[in-house]
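>>> predicted coordinates and the sequence they were generated for:
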Amino acid sequence: MTVAEPDVSVIIGAYEAMPYLVECLASVEAQTLDPARIEVIAVDDGSTDGSGDCLEEFAARVPMAVTVIRQENSGGPSGPRNVGLAKATGRYVFFLDADDRLGPEALERMVAMADRNGTDVVLGRVEGVNRKAPRSMWGKTLERTDVFSSNIKFTLSAQKLFRRALLERHGMRFDESLWTGEDAVFTMEAYLRADGVSVVADHTCYYLVGRSDGKHVTKSGSYTLRFDSARALTELIARMLPPGAKRDVLMVRPFLVTVLPQFGPVFLRNDEDVRRTKLELAKPLMDAYWNEGVSHRLKVHERLRLHLVAEGRADLLADVIEFLRDKREPDPVLEKRGTRLYLAYPHFRDRAAGVPDRVYLAEPREAKAFPGWRQDPAESFLRRAARKVRRQLRRLTVRRTAEA
């Protein structure tokens, strides 16, 4: 039995996904949402390992509507997702990777959350299986939030529930020119365009599975592709938000998650040509979007490395990375009667290096871990007042949304 408009279209792109695909499909079949309210659109992207046959067998057996599309390999996950999205008829779509699996009751809970709150995107709690999963956004269930007042910017994978009308209204599709990070651009745009986002934090909705064969898509690709991804995401944020605090809050994500890892321990193993190329690729990003509003939201060692990247100081950068690699701790330097804390990473107050003191200045969230530091009373008052204003604005927004 099928319905004219299913509640949710589950879109699965499969490429050489065996044997993981078996459990993936079993997790769809086990969903508690009525099968008549689910459609599955599975795209076999030129597999040679039997993935396509597995999908056909699934389609012939299960009670829900299943469409299997077999095509030549497209080279990445964007193509199959776009093909599936073009065929989807559900009120919502969910992008399920063929080597991952849904948690029990996942679709039922996420659809109910979206319907209850009228939100356009729903995040379900993710757990990792033999790999790390994002954690900072699962502190509590949020009926309605946004990308600025929560940590959802740190999970930009495509495995979310999206209201299809939102995607169609804005013509949203995955960028097939990107070989990595394409889901980050898509999801960030959805966050910014959404009329509210919900977070299901009290129930595992998705299992992110680490493949033992090392073929998981996020582990593939060269460092140049990472900079392509960072460029696309920063340009999207800049295009959708004017300069200011909101833009800076979101710019933290590409700098921290995509750019900074290129200047970690791997940088020490790179030869001189690769080091130089990395700095050249980073330069336009740093010139365009690196500013005080972004930097003060980072920890000192993160800010310091990115400052040195912005200045093109590979020599000083290597010293800092070696210090961190060796798990050494910086000496704390307390001044201004304990209200100002500097962390003396390499080249602190080294005149020859010329790194400004402000780069080493710990923000309160980092400084509070050090004995002897105390919040400046005037600064503390201003921060409390700002938090109070933000809470009042959020309550007002929620009230207006409910009245509408």
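Looks like it arrived, so ask away.
>>> stretch 172-192 - what's its average pLDDT?
Stretch 172-192 shows a mean pLDDT of 96.
>>> stretch 133-141 spans what distance, first to last residue?
Start-to-end span of stretch 133-141 (Cα to Cα, to the nearest Å) is 17 Å.
>>> mean confidence for that stretch?
pLDDT averaged over stretch 133-141 gives 93.
>>> list the buried ones in it?
Of all the residues in stretch 133-141, those buried under the rule 16 or more other Cβ atoms under 10 Å are 133-134, 137-138. The way it works is simple: take the backbone N, C-alpha and C, and place the C-beta from them, glycine included.
>>> report all helices and strands that the helix or strand that Ile11 is a member of contacts.
Under the criterion of DSSP states H and E, Ile11 resides in strand 8-14. Under the contact criterion of 3 or more Cβ pairs under 8 Å, 6 or more residues apart in numbering; DSSP states H and E, strand 8-14 touches helix 20-29, strand 38-45, helix 51-61, helix 78-87, strand 92-97, helix 106-117.
>>> ok, which of those comes nearest Phe370?
Using Cβ to Cβ as the measure, helix 106-117 is the one of the helices and strands packed on strand 8-14 that comes nearest Phe370, at 40.3 Å.
>>> from the contact counts, what lies against the closest one?
Short answer (3+ Cβ pairs under 8 Å, 6+ apart): helix 106-117 packs on strand 8-14, strand 92-97, strand 121-129, strand 142-145, strand 161-163, strand 197-209.
>>> just send these back as a markdown table, with distance to Val259 too.
Shown next, in a markdown table, are the helices and strands packed on helix 106-117 (distance: least, Cβ to Cβ, whole Å):
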| stretch | distance to Val259 |
| --- | --- |
| strand 8-14 | 27 |
| strand 92-97 | 25 |
| strand 121-129 | 23 |
| strand 142-145 | 26 |
| strand 161-163 | 27 |
| strand 197-209 | 23 |
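>>> out of the ones you listed, the one nearest Gly50 is which?
Of these, nearest to Gly50 by Cβ to Cβ is strand 8-14, at 10.3 Å.
>>> with just CA atoms, put that closest one into PDB.
Presented in PDB, the C-alpha positions along strand 8-14 are these (Å, rounded to 0.1, in the frame of the first residue of the first chain):
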ATOM      1  CA  VAL A   8       9.300  10.800   4.500                       C
ATOM      2  CA  SER A   9      11.500   9.900   1.500                       C
ATOM      3  CA  VAL A  10      14.600   8.000   2.600                       C
ATOM      4  CA  ILE A  11      17.300   8.600   0.000                       C
ATOM      5  CA  ILE A  12      20.200   6.100  -0.100                       C
ATOM      6  CA  GLY A  13      23.200   6.500  -2.400                       C
ATOM      7  CA  ALA A  14      25.100   3.200  -2.600                       C
END
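>>> got the buried residues for stretch 97-104?
Across stretch 97-104, burial judged by 16+ other Cβ under 10 Å covers 97-103.
>>> repeat for stretch 118-134
119-126, 133-134.
>>> same check, this time on stretch 307-320
Of all the residues in stretch 307-320, those buried under the rule 16+ other Cβ under 10 Å are 307-310, 313-314, 316-318, 320.
>>> same deal with stretch 280-290?
For stretch 280-290, a neighbour-count test (16+ other Cβ under 10 Å) marks 281-282, 285-286, 289-290 as buried.
>>> show me the contact partners of it.
With Cβ atoms under 8 Å, 6 or more residues apart in numbering as the test, stretch 280-290 has contacts from 224, 227, 230-231, 234, 238, 251, 254-255, 259, 262-263, 306, 309-310, 312.
>>> out of those, which one sits closest to Gly210?
Relative to Gly210, the closest of those is Gln262; by Cβ to Cβ it sits at 21.9 Å.
>>> quick one, what contacts that closest one?
Applying Cβ under 8 Å, 6+ apart, we find Gln262 in contact with 223, 226-227, 278, 282.
>>> any idea how far Thr339 is from it?
35 Å (Cβ to Cβ, to the nearest Å).
>>> could you dump the buried residues of stretch 307-320 to a markdown table with pLDDT?
Formatted as a markdown table, these follow (pLDDT from 0 to 100):
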| residue | pLDDT |
| --- | --- |
| His307 | 98 |
| Leu308 | 98 |
| Val309 | 98 |
| Ala310 | 98 |
| Arg313 | 96 |
| Ala314 | 95 |
| Leu316 | 97 |
| Leu317 | 98 |
| Ala318 | 97 |
| Val320 | 98 |
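>>> report how many residues lie close to Asp331.
10 (other Cβ atoms under 10 Å).
>>> got phi/psi on the nearest residue to it once chain neighbours are set aside?
Residue nearest to Asp331 in three dimensions, not counting chain neighbours: Ala344, with 4.4 Å by Cβ to Cβ, 6 or more residues apart in numbering. The phi and psi values for Ala344, taken as degrees, to the nearest 10, are phi -80, psi 70.
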